[in-house]
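based on what follows, work out the 3D shape:
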Amino acid sequence: MATNIEAISGVSRAIEGLDVDRLRRAIQDEYALVASEPDRGFHFHTGRRLAAILQYEDEWLVGIPEATMASFAGTGNPFSLGALQPGERVVDVGCGAGIDSLIAARMVGAAGRVIGVDMTPEMVAKARAGAEDARPRNVDFRQGFAESLPVADGWADVVISNGVLNLFPDKFAGLREIARVVKPGGRIQIGDILVQKAVSDKSKRDIELWKG
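Residues are numbered from 1 along each chain as shown. Coordinates of the predicted model:
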């Protein structure tokens, strides 16, 4: 599927000198802990407290398993950009423990479908366990990278993501994948982190800065 995304200087390329495999392992290790030890304490907010900070509506959280809720880690509220509609097909990029996917599954209803994708095996396992508890019949969790989404071309009406774009080693590759899976006229609803000044090349190669 062709896209019309233009390259952006400074973000539209692999970062020279960055060990992408090491970066991914470090991020996976961090979020494996969020999945398995959510009460451990992290440099970012998690759980129900975070949902309140991000102004998630109480009705969205009804029926979300507490274990799923405990491992919620995000930076924004993709639903603040607009409610999902019944019958829509949704891809949740970097779904984590699955809270946004489960909320989306309820919004789109039985006629819709949600695919959650995450690169951390422990998060995918936790999302699947949460889905078994919540019992939606329209959600599927898959392991994969944002730069190579396990989703067919033009499948999604909506792509959502929460606090993950900032972790893409190659922003352009990730955005191209998002554009590939969303159908013409579809929507992208992302909550994430922005910086207001350029990040130095040295800082871009610092794994610890990527993590926190």
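
count of residues packed around the closest residue to residue 56 other than its chain neighbours?
Closest residue in space to residue 56, ignoring its immediate chain neighbours: residue 77 at 6.3 Å, by Cβ to Cβ, 6 or more residues apart in numbering. (Glycine included, C-beta is placed from N, CA and C.) The tally of other residues near residue 77 (other Cβ atoms under 10 Å) stands at 18.

in the one helix or strand residue 23 maps to, which residues are buried?
Assigning secondary structure by DSSP states H and E places residue 23 in helix 20-36. Buried residues in helix 20-36, counting neighbours by 16 or more other Cβ atoms under 10 Å, are found at 23-24, 27-28, 30-35.

cool, stretch 129-139 as well?
Those would be 129-131, 134, 136, 138-139, for stretch 129-139 by 16+ other Cβ under 10 Å.

just the CA atoms of the helix or strand encompassing residue 190, as PDB, please.
Here residue 190 sits within strand 182-191, counting by DSSP H and E. Taking only C-alpha atoms (Å, rounded to 0.1, in the frame of the first residue of the first chain), the coordinates of strand 182-191 have been written out as PDB:
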ATOM      1  CA  VAL A 182      -5.100   2.000   8.100                       C
ATOM      2  CA  LYS A 183      -7.600   2.200   5.300                       C
ATOM      3  CA  PRO A 184      -8.000   5.300   3.000                       C
ATOM      4  CA  GLY A 185     -10.000   7.800   5.000                       C
ATOM      5  CA  GLY A 186      -9.200   6.100   8.300                       C
ATOM      6  CA  ARG A 187      -8.000   7.700  11.500                       C
ATOM      7  CA  ILE A 188      -4.900   7.800  13.700                       C
ATOM      8  CA  GLN A 189      -5.500   8.600  17.400                       C
ATOM      9  CA  ILE A 190      -2.200   8.800  19.300                       C
ATOM     10  CA  GLY A 191      -1.300   9.900  22.900                       C
END
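
sheet partners, orientation included, of that strand?
In the sheet, strand 182-191 lines up against strand 156-162 (parallel) (DSSP bridges).

pLDDT averaged over the partner strand, what's the number?
Regarding strand 156-162, the rounded mean pLDDT is 98.

list the residues that contact the residue nearest the centre of the chain.
Geometric centre of the chain, nearest residue: residue 94, 2.6 Å, by Cα atoms, centre = their mean. By Cβ atoms under 8 Å, 6 or more residues apart in numbering, residue 94 lies in contact with 117-119, 146, 161-164, 167.

swap the cut-off to 7 Å and go again
By Cβ atoms under 7 Å, 6 or more residues apart in numbering, residue 94 lies in contact with 118, 146, 161, 164.

by neighbours, which of those residues wins?
residue 118 leads these on contacts (other Cβ under 10 Å) with 29 neighbours.

residue 58 versus that one, what's the distance?
25 Å (Cβ to Cβ, to the nearest Å).

one more: residue 174?
In terms of Cβ to Cβ, residue 174 sits 32 Å off from residue 58.

now residue 20
Following Cβ to Cβ, the distance that separates residue 20 from residue 58 is 40 Å.

same deal with residue 179?
Distance from residue 179 to residue 58, by Cβ to Cβ: 34 Å.
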